[in-house]
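J.: one predicted model, sequence on top.
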Amino acid sequence: MLGNVHEIYHSVSGEGISQGIPTIFIRFAGCSLRCGKTENKKLWCDTPYALGPNQGNSMDLDSIIKEVETIDPFGTSQILLTGGEPLEGKNGEMSSLICKYIFQTRIHTNKPYPAPRIETNGKETITDETDRVYTMDYKLPGSGMEERMEKENFSVLRKRHNILDEIKFVVRDRYDFERSLEVLREFSPDTNILYSPVFGEMDANELVEWIKKENPPKARLSLQIHKVLWGNKKGV
Ligand code: SF4
């Protein structure tokens with residue numbers, strides 16, 4: 001069993017409820033979505049270098065774990081599975097193996113962050129297993145990808161009832177924000193809700209005003225601190 005891995009590196013988590021936590025990023029290559037690309041607007045994806053299936057290296061579980069343990073021999077950092085899309089195709093199977101291994105290794109040793117965090121795009125099916133936590137995007141109309149969303153995932157998140165799970169809305173404009181409110185009304189998720197502005201397009205201050213006014217349950221602004229710290233640099 002091989003996963004298609006673009007890079008593994010140590011940094012701090014850039015966004016969401018785990019923002020700032022020392023984190024090992026395992027970035028898979030390959031994603032079938034193309035967020036933000038419309039007739040007259042450009043792709044807003046942060047990781048265009050990891051979208052194609054040929055932009056990674058085949059790695060088995062042992063070699064991935066070896067690299068992770070070399071970076072963090074005491075196993076105290078959060079593990080973040082990201083992409084590309086970590087749940088697409090064979091990368092989904094590898095993500096599952098990594099979660100099982102890390103969880104079993106850490107859960108009985110009092111280590112922090114036993115369950116790796118999976119950042120997924122909302123198209124792939126999630127599960128109610130306890131060996132992982134999710135940051136699940138729900139792609140709004142401005143992404144051009146909303147029809148690809150797996151709505152059944154909202155039931156799974158409800159069943160999981162994990163206080164570390166989060167749903168992320170990336171907002172391009174007011175229409176996107178209104179749509180996010182509709183989605184929240186329709187599915188009433190009880191997870192953390194993140195709002196992020198499309199970098200360079202949506203004014204974060206304006207988004208703050210909208211969040212303050214509507215105040216959806218458990219919602220918060222989520223800015224990407226790695227962009228503040230390092231700009232659009234890769235592997236940090
Ligand atoms: S789902 Fe994520 S990786 Fe895929 S195109 Fe959208 S932003 Fe990029």
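T.: Looks like it arrived, so ask away. Not measured: the values here are computed from a predicted model. Numbering: from 1, shown residues only.
J.: and this structure, which residues reach the ligand?
T.: Contact residues (CB under 6 Å from any ligand atom) of the chain with the ligand: 31, 33-35, 45, 47, 51, 83-85, 121. Placement of C-beta: from N, CA and C, glycine included.
J.: mind redoing it with 8 Å?
T.: Within the chain, the positions near the ligand by CB under 8 Å from any ligand atom are 31-36, 43-48, 50-51, 83-85, 121-123, 137, 139, 143, 145, 170.
J.: now do the end-to-end distance for stretch 179-194.
T.: End-to-end span of stretch 179-194 (CA to CA, to the nearest Å): 14 Å.
J.: name the residues of it that are buried.
T.: Neighbour-count burial for stretch 179-194 flags 179-180, 183-184, 189, 191-194 (criterion: 16 or more other CB atoms under 10 Å).
J.: repeat that for stretch 19-34.
T.: Of all the residues in stretch 19-34, those buried under the rule 16+ other CB under 10 Å are 19, 23-31, 33.
J.: how about those residues in TSV, adding distance to K213?
T.: Below are the buried residues of stretch 19-34 laid out as TSV (distance: CB to CB, whole Å):
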residue	distance to K213
Q19	24
T23	33
I24	38
F25	35
I26	38
R27	36
F28	38
A29	40
G30	39
C31	34
L33	30
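J.: quick one: mean pLDDT for the host helix or strand of V68?
T.: Assessed by DSSP states H and E, V68 sits inside helix 61-71. Helix 61-71 carries an average pLDDT of 98.
J.: tabulate the CA atom coordinates of it in PDB.
T.: Only the C-alpha atoms of helix 61-71 are listed here, as PDB (Å, rounded to 0.1, in the frame of the first residue of the first chain):
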ATOM      1  CA  LEU A  61       3.500   3.600   5.900                       C
ATOM      2  CA  ASP A  62       6.900   2.700   7.300                       C
ATOM      3  CA  SER A  63       8.800   5.400   5.400                       C
ATOM      4  CA  ILE A  64       6.200   8.000   6.200                       C
ATOM      5  CA  ILE A  65       6.300   7.200   9.900                       C
ATOM      6  CA  LYS A  66      10.100   7.000   9.900                       C
ATOM      7  CA  GLU A  67      10.300  10.600   8.500                       C
ATOM      8  CA  VAL A  68       7.700  11.800  11.000                       C
ATOM      9  CA  GLU A  69       9.600  10.200  13.900                       C
ATOM     10  CA  THR A  70      12.900  11.700  12.700                       C
ATOM     11  CA  ILE A  71      11.400  15.200  12.700                       C
END
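J.: what's in contact with it?
T.: Under the contact criterion CB atoms under 8 Å, 6 or more residues apart in numbering, helix 61-71 has outside partners 1, 3, 5, 8-10, 24, 26, 75, 77, 79, 94, 97-98, 101.
J.: in ChimeraX, select just the buried ones from these.
T.: Here is the ChimeraX command that selects only those of the contacts of helix 61-71 that count as buried (16+ other CB under 10 Å):
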select :3,5,8,24,26,75,77,79,94,98,101
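J.: grab the nearest non-local neighbour of L97.
T.: L61 (5.0 Å; CB to CB, 6 or more residues apart in numbering).
J.: and the one you found, how many residues sit next to it?
T.: Counted with other CB atoms under 10 Å, residues neighbouring L61 total 15.
J.: that one and V5: what is the separation?
T.: 11 Å (CB to CB, to the nearest Å).
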